[in-house]
Every structure is written in C-alpha cells, then in structure tokens.
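Trainee: predicted model follows, preceded by the sequence.
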Amino acid sequence: MNVYITSTPGYSKESIKEVTDLLSSVKGEIQFIKDGEPFTQDQLTLSSSKFEDLSQIRLLSFDGLFDLAKTYRKMNTISPNDFVVVISTFANERRWFSATSNKNIFVDADGWEYFTDKDSKFGIASQIVENIFQSLLGIEFDNAHIDPNVHRKSIGCINDMCNEKSEIMLKLRTGYICNSCLIRARNNNISQLAISQIHRLMQLIRDSMMNFDFLQQIIKPEPTIVDAGCNIQIGNSKIDLEDVPKTLFIFYLAHLEGVKVDSLEKGDYKEKLLSIYRKLRKGGKKETIDLLCLPYTNSSSTFQKVKTNTNKSIINLLGKQLSEFYVISNIKGGKSNYYKIKLSREYLNFELDL
Ligand SMILES: [Zn+2]
C-alpha cells in the first residue's frame, strides 16, 4: 500500500521531503512515495472556489480538508487502497492535530513547536503513522469517540486520544502499541509485516526526536544584538525579517521573561508593539497591531500565523538546533500560559530604546 503526502501552500516541498524521508527510513509494505508536492493555488480551486482568495480563509471544515485529499486523488489517479495525506497550513474547525476518513488523512502543519518544543517533522510524521494505523484498525474520525481502542485516559499507546496537548509528548516518547490494540490489529487482518513496520516507525521517530533533544543540550546560543536602528544580529547572521514578524521578534527579545497570553490579548502591549512596528515602517497602520493582539480564538487574529512565520524564518536562518534558543514558544505551567524566547539574558545586547 502506498502513502502519498501533499500539503497546502505555506508548507514547502522541502518540508514534505523531510517528513517523507523520515518515514521512508523503515522499509516494509507501507511505501511512502517520495517527491510529494504542495498544492498550487490553481489546484486548490479545483477542490473549492473559496481558495481563490487564500487570505480570506481562517478555518477549514473536516469535509473541506478531506475534499482536498479527494481532489489530490483525482488529479493523480490514486487507487482507493492507497492513502493520501494532506499536511494543512489551515486551522480546522475542531482544532484537531489530525484525522482520518476513508484513507484520506489530514495533519495540522502548525503549532507543533507550540507544545512539543521540537522540530515539527517528528510530530507530523507520528500523526501520519497513527492515522494510517487507526484507518487499518477501522477507526475513523467520526467513530473515534465511541471506539474501545481509542484510549480516553492516556496510557502511552499510539491510540491515546490526547485531549491535553501535553499528552502528545508522552505518546511520542513511548512509541508504544498496547496489547489490546495489537490484538485488534491481528483480528482486523493487518499483516504482521505492516504492524511491525508501524511499530518500528514509531520507535524511529522517538529515537530521532531524542537524538535531537540530546543535540539541543550541547549547543549554546550566540551573542545577540538588537541595535538602536532595529537591526538584529545573531552570531554572524544578520536577521532579515519582514516588518510584522520582525516587530514580534524584537518584542519578545525585549521581554525575555515571557509575556502572558491574556495580557497580550487584553492589549497591554499594543503601544509597545506599535512603537516597534513604526520604527520599522514609518506610518505603519495601527490596525496591523490590533489584529496581532486579538484573542487567539478570534478568527481574525493574525498572531498564530505571524508567530509561525517568524519561527519558520528564524529556523531557516539559523538552522534547527541553534534556532531553538530563538523561536517564540508557548510555555504552559499551572495557571500561566505565556509565550517567550528561551535565550538567556547574558547572550543579549538590547540597544533599542522602547
Ligand atoms: Zn492501545
């Protein structure tokens, strides 16, 4: 059985390749087809005319996401026995990480750094494996809530429901399939080879992620300067970002202690953000900052998108390991929920007057 991986615009061909390469390193009867390409906008409009203006799309329904997979099937004449995975840069109505229906799978591209603090490819690859396994077990998104093998209370099994985002990490770290799920797999006539491949894939994703963790421990940040003219230098790299991402990045560098999500949403920092923004762009519109500070749940909020784009640019500029100290991450603990950059103050020379 083949697995075809595509994405919506904004998730690059290179990123698809990274995920496919990771998944292809375990050989078996499940074949992850290389050279997957993102949808072009013209191809998206074959699925629905609403894609004519991408900037207007805030959320997609599950049907809308599965329709994309169906369109991809038609475009590429893919057999109903094969899987199609759409890595989606559009948020979905229920904010699920992924879902499966009739061998069509979508996985959310964004927000992995938001709670796993890791390279997103591990999270995305593991969701692909999980959904393939569930589909083979006969678990579909619309019956998952009553299925006895979807564990409501996390036990570290691939089929944990994971209502809490933090539980995903447990699942990723264990790379485990519980006995009851293994028995169901055998009863469902999933071949031994496929079960063993799925198991090895989960172990591989876990080990790769742990190695990544280990490297993080031994890499140190670089001296970082924000000068009076809003120029940012990290080690030998000059950090060129567009005005809005740069505004957000400088803002978080100015607040290494972190900023609570609700203070940002209450507008406590609007003036500061606007002042940085107008240093970068003379006469910059106030509305741009207003949209940035809307509550995350408001569909007009641009915060998640700008934050994700900022993080992606930082990862591109600095590489995956060094960028860990510079990406804007979500930190949750007790009642606090805030965003921060992990850089420690001793590495930062902040000369900009705010
Ligand atoms: Zn299980």
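Mentor: Looks like it arrived, so ask away. Numbers count the residues shown, from 1 in each chain.
Trainee: count of neighbours near residue 233?
Mentor: By the other Cβ atoms under 10 Å criterion, the neighbourhood of residue 233 contains 15 residues. Bear in mind the C-beta positions are built from the backbone N, C-alpha and C, glycine included.
Trainee: what is the neighbour count of the residue nearest to it when sequence neighbours are not counted?
Mentor: Spatially, and ignoring its direct neighbours in sequence, residue 233 is nearest to residue 225 (4.6 Å; Cβ to Cβ, 6 or more residues apart in numbering). The number of residues packed near residue 225 is 18, by other Cβ under 10 Å.
Trainee: again, but for the one 3 residues further on
Mentor: Around residue 228 there are 9 other residues, counting by other Cβ under 10 Å.
Trainee: same thing with residue 11?
Mentor: Burial measure for residue 11: 23 neighbouring residues, criterion other Cβ under 10 Å.
Trainee: tell me the SS of it?
Mentor: Secondary structure assignment for residue 11 (DSSP: H, G, I helix; E, B strand; the rest coil): coil.
Trainee: hang on, the earlier thing: sheet partners, orientation included, of the helix or strand harbouring the residue nearest to residue 233?
Mentor: Applying DSSP states H and E as the criterion places residue 225 in strand 224-226. In its sheet, strand 224-226 lies beside strand 232-234 (antiparallel), strand 348-350 (parallel), with partners assigned from DSSP bridges.
Trainee: and of those, who's closest to residue 315?
Mentor: Evaluated with Cβ to Cβ, the strands paired with strand 224-226 place strand 232-234 nearest to residue 315, the distance being 12.4 Å.
Trainee: give me the mean pLDDT for whichever helix or strand comes after that closest one.
Mentor: Past strand 232-234, further along toward the C-terminus, the next helix or strand under DSSP H and E is strand 237-238. Mean pLDDT, strand 237-238: 94.
Trainee: elements contacting the helix ranked longest in the chain?
Mentor: The single longest helix within the chain, with elements called by DSSP state H, is helix 192-218. Here helix 192-218 is seen to pack against helix 13-24, helix 120-137, helix 165-174, helix 179-187 when contacts are counted using 3 or more Cβ pairs under 8 Å, 6 or more residues apart in numbering; DSSP states H and E.
Trainee: the same query, at a cut-off of 6 Å, please.
Mentor: For helix 192-218, the contact count by 3 or more Cβ pairs under 6 Å, 6 or more residues apart in numbering; DSSP states H and E identifies helix 120-137 as packing neighbours.
Trainee: show me what the helix it packs on is packed against.
Mentor: For helix 120-137, the helices and strands in contact under the criterion 3+ Cβ pairs under 6 Å, 6+ apart are helix 13-24, strand 98-101, strand 104-108, helix 192-218.
Trainee: need the contact partners of it.
Mentor: With Cβ atoms under 6 Å, 6 or more residues apart in numbering as the test, helix 120-137 has contacts from 18-19, 22-23, 83, 85, 97-98, 100, 103, 105, 107, 112, 116, 158, 172, 184, 188, 190, 198, 201, 205, 209.
Trainee: near the ion, which residues of the stretch 151-300 of the chain?
Mentor: Where the stretch 151-300 of the chain comes near the ion, counting by Cβ under 5 Å from the ion, the residues are 157, 159, 178, 181.
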